[in-house]
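>>> fold the stuff below for me.
(one chain, ligands or ions: 1)
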Amino acid sequence: MSSTALESLRKLLPPGRLSEDAASRAAFESDGLTAFRCRPLGVVIPQNEAEVVQTVRWCHEHSIPFVARGSGTSLSGGSMPVADGIVISLNRLRQIIKVDPDNRIAVVQPGVINLQVSAAAAPYGLYYAPDPSSQKICTIGGNIAFNSGGAHCLKYGMTSNHVIGIRAVTASGEIVSFGGPSLESVGPDFTGLFCGSEGLFGVALDITLRLLPKPECFHTVLVGYRSLRAAGDAVSAVIDSGLLPGAMEIMEALAIEAAEAATSCGYPKGAAAVLIVELEGPREKIDAERKQLESVIASTEAFETVVAADARQRDGIWAGRKSAFSAVGKLSPDFLVQDGVVPRKRLGEALEAIEAFSKDSGLRVANVFHAGDGNLHPLILFDDSVDGELERAEALAGKILNLCVQMGGSITGEHGVGMEKRDFLPKMYDSATMELMHRLRAAFDPKTIANPGKMFPGAEAPALSGHGLHPLEKAGVISRE
Ligand SMILES: Cc1cc2nc3c(=O)[nH]c(=O)nc-3n(C[C@H](O)[C@H](O)[C@H](O)COP(=O)(O)OP(=O)(O)OC[C@H]3O[C@@H](n4cnc5c(N)ncnc54)[C@H](O)[C@@H]3O)c2cc1C
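As a prediction, this is how the structure comes out:
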């Protein structure tokens, strides 16, 4: 496919929508998983829904692959372009179409940023619950495609639990509507089917979201432990006591060190791991639950417990956790974020195994995770300028995923399968189930043009390509701190 073949697309769209120059295309060649790169043939930046639909129909007619893209923060290579294909960048579709406080819903375009939904709902005392750490930049379109989660999804569920309607253009160009403003719907949950489809079914055009009343109060506790296993065991103790906190997060020493340097969050000194537990809800209920939590924590191996006295201290505790991914970037020139799930009861065991893998490989691992639902995020630190380290980091990530499957967990909790984990999907599903998944995909996309090469094994992956040293670093003009 040459750029002359894009001629008819160029003519179809208003001037300026299709970028074909090398610099514009280069800006889209990676997503949050920078170890993979692929430059697309062209990038379309539609200004409205009609232009999205026109582009998808053109792709279908000419059998040209396309990748829908929100903010490109995918950590699994899910929004990486396809060579000989185009990227449909949805950031200009950023209208909050309506907020309906009486029915507690919002209808938004796919390019709306997650946190902006809560900002629009705030005057009515409402908010949008799913809170990925990337919520300041990621889009609702990306969130539904990956069924994204966040710290507070332990209590409130993932994105799919908060999306009640989706209107989309399928990869074959039909406009379809699933669900709607009502909480009840007819037949199978097609809205749920679209959530987590990783851009393989088509492009979501507008999305109806549930809004929740803001909790009346929070009780946020930060607990220090001398071992990661003790922190993992404390999570089971809290859940076994019958409490259902809004969030339960663990960070271990390396991540604590990084977060402390980035945000001065004041985490307990000398902790091998910290546990953040947050209760939220009506004041009376929280007053009762906080006593219960206190006695559970006292029964664990905690060596220091800090209770947030006010909103400022709570924000400080969360700033440390939410900055963890980017802060870890300061400890090492490069890192990979993995995303696997183990049954909560086996958290301590899984963490010990990861520690052993880390020692064997000679690569450091910083663990930060949604402990309440067993969703691990090992951050594998490596230096891409050292020959073979990227490959060793990928191999270590693979060992961790295999461990998750063997323990009865999952290869992804919230970051999706994408490009990176597609070869692991058959480890979770038998061939009959995989076959059915392919047939379902074909119903939306008979030509396999929507985000091909993602989620399912089989297609060729681009070679791993570390970014290596910047030419100015090589010349000794600048250096990384
Ligand atoms: C620092 C950092 C922290 C993160 N923390 C979390 C976290 O706590 N929880 C979590 O779940 N994730 C997290 N992520 C991962 C990422 O932010 C989420 O997966 C997010 O949902 C991606 O949104 P996006 O707009 O960047 O989508 P993109 O990366 O652009 O796309 C993601 C997928 O969605 C598809 N897509 C995009 N728009 C549409 C559409 N309109 N219709 C159909 N398909 C579409 C793409 O094709 C792709 O497959 C984090 C990422 C970073 C960089």
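>>> what does the chain put close to the ligand?
Residues of the chain lying near the ligand by Cβ under 6 Å from any ligand atom: 31-32, 67-75, 78-79, 90, 110, 132-134, 138-139, 141-143, 145-146, 148-150, 198-199, 203-204, 325-326, 414-415, 451. Quick note: C-beta positions are derived from backbone N, CA and C, even for glycine.
>>> Ile96: neighbour count?
Residues near Ile96, counting by other Cβ atoms under 10 Å, number 17.
>>> just the closest residue of the stretch 301-450 of the chain to the ligand, please.
Of all residues in the stretch 301-450 of the chain, Glu414 sits closest to the ligand, at 3.3 Å by Cβ to the nearest ligand atom.
>>> wait, that residue touches Ala145, no?
No. Counting by Cβ atoms under 8 Å, Glu414 does not reach Ala145; the two are 11.7 Å apart.
>>> before we move on, back to that, where does the residue of the stretch 301-450 of the chain closest to the ligand land in three-state SS?
At Glu414 the chain is in coil, as set by DSSP: H, G, I helix; E, B strand; the rest coil.
>>> quick check: it vs Gly78, distance?
Distance of Glu414 to Gly78, given as Cβ to Cβ, to the nearest Å: 12 Å.
>>> would you map the strands across the stretch 101-250 of the chain?
105-108, 126-127, 163-170, 175-179, 202-210, 212-213, 217-225, 247-252 (DSSP state E, counting those that start in this stretch).
>>> next one: the stretch 251-400 of the chain
273-281, 304-307, 334-337, 340-341, 365-370, 375-376, 378-382.
>>> which other helices and strands contact the third one?
Right, strand 334-337. strand 378-382, helix 389-406 (3 or more Cβ pairs under 8 Å, 6 or more residues apart in numbering; DSSP states H and E).
>>> what would the ones you listed look like in JSON lines with mean pLDDT and mean neighbour count?
Converted to JSON lines, the helices and strands packed on strand 334-337 look like this (pLDDT from 0 to 100; neighbours: other Cβ atoms under 10 Å):
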{"stretch": "strand 378-382", "mean pLDDT": "92", "mean neighbour count": "25"}
{"stretch": "helix 389-406", "mean pLDDT": "93", "mean neighbour count": "19"}
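>>> so which of these comes closest to Val163?
Closest to Val163 of the helices and strands packed on strand 334-337 is helix 389-406 (Cβ to Cβ; 25.8 Å).
>>> now do the contacts for Glu216.
Applying Cβ atoms under 8 Å, 6 or more residues apart in numbering, we find Glu216 in contact with Gly281, Pro282, Arg283, Ile286.
>>> one more time with 10 Å, if that's ok
Each residue near Glu216 by Cβ atoms under 10 Å, 6 or more residues apart in numbering is listed here: Gly125, Glu280, Gly281, Pro282, Arg283, Glu284, Lys285, Ile286.
>>> now do the contacts for the second one.
Okay, so that is Glu280. Glu280 makes contacts with 152, 155-156, 214-220, 245-247, 286, 289, as judged by Cβ under 10 Å, 6+ apart.
>>> now mean neighbour count and mean pLDDT too, for the strands of the stretch 101-250 of the chain, in CSV please.
Compiled in CSV, the strands of the stretch 101-250 of the chain are given as follows (neighbours: other Cβ atoms under 10 Å; pLDDT from 0 to 100):
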stretch, mean neighbour count, mean pLDDT
strand 105-108, 24, 98
strand 126-127, 20, 98
strand 163-170, 22, 98
strand 175-179, 17, 97
strand 202-210, 25, 98
strand 212-213, 14, 96
strand 217-225, 21, 96
strand 247-252, 26, 93
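>>> that older thread, and Glu414 and Ala145? which has more neighbours close in?
Between Glu414 and Ala145, counted using other Cβ under 10 Å, the more crowded position is Ala145 (29 against 25).
>>> from Glu7, how far off is the residue most central in space within the chain?
Centroid-nearest residue in the chain: His415, 3.9 Å away (criterion: Cα atoms, centre = their mean). Look at His415 and Glu7: by Cβ to Cβ, they are 37 Å apart.
>>> Pro452 - that's part of a strand, no?
No. Under three-state DSSP, Pro452 sits outside any strand and is assigned coil.
>>> pull the number of nearby residues for the closest residue to it other than its chain neighbours.
Nearest residue to Pro452 in three dimensions, chain neighbours excluded: Pro65, at 5.2 Å (Cβ to Cβ, 6 or more residues apart in numbering). Using other Cβ under 10 Å, Pro65 is surrounded by 22 other residues.
>>> that's all I had, so thanks and see you.
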